[in-house]
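Undergrad: structure for the following, please:
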Amino acid sequence: MGHFFEFIVEHLSQFLQFTAFANMTVGHIIMICIGLAFIYLAIAKEFEPMLLIPIGFGILVGNVAFAPGYQIGVYESGSVLNYLYFGVLQGIYPPLIFLGIGAMTDFSALISNPKLILIGAAAQLGIFGAYCLALALGFSPTEAGAIGIIGGADGPTAIFLSSKLAPDLMGAIAIAAYSYMALVPVIQPPVMKLLTTKKERLIRMKPPRAVSKTEKIIFAIAGMLLTTFIVPSGLPLLGMLFFGNLLKESGVTKRLADTAKGPMIDVVTILIGLTVGASTQATTFLTFKSVGIFMLGAASFVVATFGGVMFVKIINLFLKEGNKMNPLIGNAGVSAVPDSARVSQVVGLEYDKTNHLLMHAMGPNVAGVIGSAVAAGILLSFLA
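TA: Predicted coordinates for the structure are as follows:
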């Protein structure tokens, strides 16, 4: 009987050594709390639930502590999570996301008022501002380039670029990018109000003109050729973006467009969110670099918003009365589609209940998608 009892105790003790309770650290607990916070914000506050729930749950999955060697974790070769994470590491998922974005994007507002693309370009100031700050804080040039892209408010682009320039920082960069995308309605309004006067917020813009089907088709083809000829390294993102848009606008590939913007982008979003979340294992994620990346991400969003709003104010100096643009659409130059455009609408309605800015803001918003991909291509071309 005594030997049997010793046998039970020995094996029970051995079993307990392999449970998460035995391998848990304070870092794992912190990360689990962060994951729960993401899920709370997604459900209770409806902050980007399609992104924050997969990422938040992925953080929980990635921080269930385990003994190494059992092919469980996202970083363990041969594990299921590791195979799914391959699409992130090799930059496969982001172009597929861009294909879906292209298939659901209407570029009419941008085509009808081409100067709006300049606002999208100006908002990329956040990318290069964060790049300079990261260099000043001691990050290497490649790490700084990967961190800087957070300022574009574009999660897939951030993942794509960090997979090429700084794979070891990808988890922190992706989490920061998606976190601040979800917090666009919180971060941007104070900056917009600080930089504009009440008179500027009340500016009414002329309705955008109707855009023909032919113009949209030409834009998809010409846009791809022009941007990729200038920045060939942006081809994986820009090519898929404009390809998706051509599927939508051609009118003869509706089924393909519906697949790209529906089931396909949903599946890829689930995979990218879950695996990026799982990559935040406390043992590799909780570092001073990760904290620095989050600080730089917040700064880059503020700088991007500043760049977009101030650029509109500068343009207005050269426009006649009646043709001026409302500076509140400047924030939409970041590529958080359509959240930053909605922020323009919401803030504008605070000062004039009849002044709808959404359609105007969509122009710089979709231009920001193009601009962030171009900026990623530029950084990749001279840093890779």
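
Undergrad: contacting residues around residue 68?
TA: By CB atoms under 8 Å, 6 or more residues apart in numbering, the contact list for residue 68 reads residue 76. Backbone N, C-alpha and C define where each C-beta goes, glycine included.

Undergrad: need the per-residue pLDDT for it.
TA: For residue 68, the pLDDT comes out at 77.

Undergrad: now it: which helix or strand?
TA: Here residue 68, judged by DSSP states H and E, is contained in no helix and no strand.

Undergrad: surely residue 227 and residue 234 touch.
TA: Yes - with contact defined as CB atoms under 8 Å, residue 227 reaches residue 234; the gap is 6.6 Å.

Undergrad: anything in contact with each of these two?
TA: Common contacts of residue 227 and residue 234 (CB under 8 Å, 6+ apart): 373-374.

Undergrad: the more surrounded of these two?
TA: residue 234 (26 against 22; other CB atoms under 10 Å).

Undergrad: not counting its neighbours along the chain, what's nearest the more buried one?
TA: Spatial nearest neighbour of residue 234, excluding adjacent residues (CB to CB, 6 or more residues apart in numbering): residue 377 at 2.7 Å.

Undergrad: so what's the one you found up against?
TA: Residue 377 makes contacts with 231-235, 237-238, as judged by CB under 8 Å, 6+ apart.

Undergrad: in whatever helix or strand it lives in, which residues are buried?
TA: In the assignment (DSSP H and E), residue 377 maps to helix 358-383. By neighbour count on 16 or more other CB atoms under 10 Å, the buried set for helix 358-383 is 358-380, 383.

Undergrad: again, but for stretch 265-282
TA: Across stretch 265-282, burial judged by 16+ other CB under 10 Å covers 265, 268-282.

Undergrad: give me the contacts around the helix or strand hosting residue 200.
TA: Per DSSP H and E, residue 200 falls inside helix 198-201. Outside helix 198-201, the residues that touch it by CB under 8 Å, 6+ apart are 193, 313, 316, 326-328, 347-348, 351-352.

Undergrad: try it again with 7 Å
TA: Outside helix 198-201, the residues that touch it by CB atoms under 7 Å, 6 or more residues apart in numbering are 326-328, 348, 351.

Undergrad: what is the following helix or strand past it packed up against?
TA: Per DSSP H and E, helix 198-201 leads on to helix 213-230 as the next helix or strand towards the C-terminus. The helices and strands touching helix 213-230, judged by 3 or more CB pairs under 7 Å, 6 or more residues apart in numbering; DSSP states H and E, are helix 108-112, helix 235-249.

Undergrad: circling back to that earlier point, which of the buried residues of stretch 265-282 fall within strands?
TA: Among the buried residues of stretch 265-282, no residue falls in strands (DSSP state E).

Undergrad: which one of those residues is nearest residue 126?
TA: Nearest to residue 126 among the buried residues of stretch 265-282: residue 276, at 21.0 Å, using CB to CB.

Undergrad: neighbours around the closest residue to that closest one other than its chain neighbours, how many?
TA: Using CB to CB, 6+ apart and skipping residues adjacent in sequence, the residue nearest residue 276 is residue 174, 4.5 Å away. Residue crowding around residue 174 was assessed by other CB under 10 Å; the count is 26.

Undergrad: how far away from the center of its chain is stretch 128-141?
TA: 19 Å (CA atoms, centre = their mean, to the nearest Å).

Undergrad: follow-up on the earlier one: filter the buried residues of stretch 265-282 down to the ones in helices?
TA: 265, 268-278, 282 (DSSP state H).

Undergrad: any idea which of the residues you listed is least confident?
TA: Comparing these by pLDDT, residue 282 comes last, at 86.

Undergrad: enumerate every residue touching that one.
TA: For residue 282, the contacting residues are 25, 27-28, 30-31, 63, by CB under 7 Å, 6+ apart.

Undergrad: may I see the ChimeraX selection of the buried members of those residues?
TA: For the buried members of these, the matching ChimeraX selection, counting by 16+ other CB under 10 Å, is:
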select :27,28,31,63
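
Undergrad: in CSV, list the contacts of residue 282 along with secondary structure and distance to residue 167.
TA: Shown next, in CSV, are these (DSSP: H, G, I helix; E, B strand; the rest coil; distance: CB to CB, whole Å):
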residue, secondary structure, distance to residue 167
25, coil, 24
27, helix, 21
28, helix, 22
30, helix, 23
31, helix, 20
63, coil, 20
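
Undergrad: now do the end-to-end distance for stretch 194-213.
TA: 40 Å (CA to CA, to the nearest Å).

Undergrad: which parts of that stretch are buried?
TA: For stretch 194-213, a neighbour-count test (16+ other CB under 10 Å) marks 195-196, 200-201, 203, 205, 208, 211 as buried.

Undergrad: got it, and stretch 172-189?
TA: 172-185, 187-189.

Undergrad: so what touches that stretch?
TA: 41, 47-48, 51-52, 55, 146-147, 150, 153, 155, 158-159, 162, 276, 280, 285, 289-290, 293-294, 297-298, 301-302, 305, 331, 336, 339-340, 343, 347.

Undergrad: pLDDT of that stretch, averaged?
TA: Averaged across stretch 172-189, the pLDDT comes to 87.

Undergrad: that stretch: how far from the chain's middle?
TA: Distance, centroid of stretch 172-189 to centroid of chain: 8 Å (CA atoms, centre = their mean).

Undergrad: do the same with stretch 351-371
TA: 18 Å.

Undergrad: can you show me the CA trace of it as PDB?
TA: This file holds the C-alpha atoms of stretch 351-371, laid out as PDB (Å, rounded to 0.1, in the frame of the first residue of the first chain):
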ATOM      1  CA  TYR A 351     -19.800  71.800 -34.500                       C
ATOM      2  CA  ASP A 352     -22.400  71.600 -37.300                       C
ATOM      3  CA  LYS A 353     -25.100  68.900 -37.300                       C
ATOM      4  CA  THR A 354     -25.600  69.200 -41.000                       C
ATOM      5  CA  ASN A 355     -22.000  69.300 -42.200                       C
ATOM      6  CA  HIS A 356     -21.200  65.700 -43.300                       C
ATOM      7  CA  LEU A 357     -17.500  65.100 -43.900                       C
ATOM      8  CA  LEU A 358     -17.400  61.400 -44.300                       C
ATOM      9  CA  MET A 359     -17.400  61.200 -48.100                       C
ATOM     10  CA  HIS A 360     -14.700  63.900 -48.300                       C
ATOM     11  CA  ALA A 361     -12.600  62.200 -45.600                       C
ATOM     12  CA  MET A 362     -12.700  58.900 -47.400                       C
ATOM     13  CA  GLY A 363     -10.500  60.400 -50.100                       C
ATOM     14  CA  PRO A 364      -7.500  61.000 -47.900                       C
ATOM     15  CA  ASN A 365      -8.300  57.800 -46.000                       C
ATOM     16  CA  VAL A 366      -7.900  55.500 -49.000                       C
ATOM     17  CA  ALA A 367      -5.000  57.600 -50.100                       C
ATOM     18  CA  GLY A 368      -3.400  56.800 -46.700                       C
ATOM     19  CA  VAL A 369      -3.700  53.100 -47.500                       C
ATOM     20  CA  ILE A 370      -1.700  53.700 -50.700                       C
ATOM     21  CA  GLY A 371       0.600  56.100 -48.900                       C
END
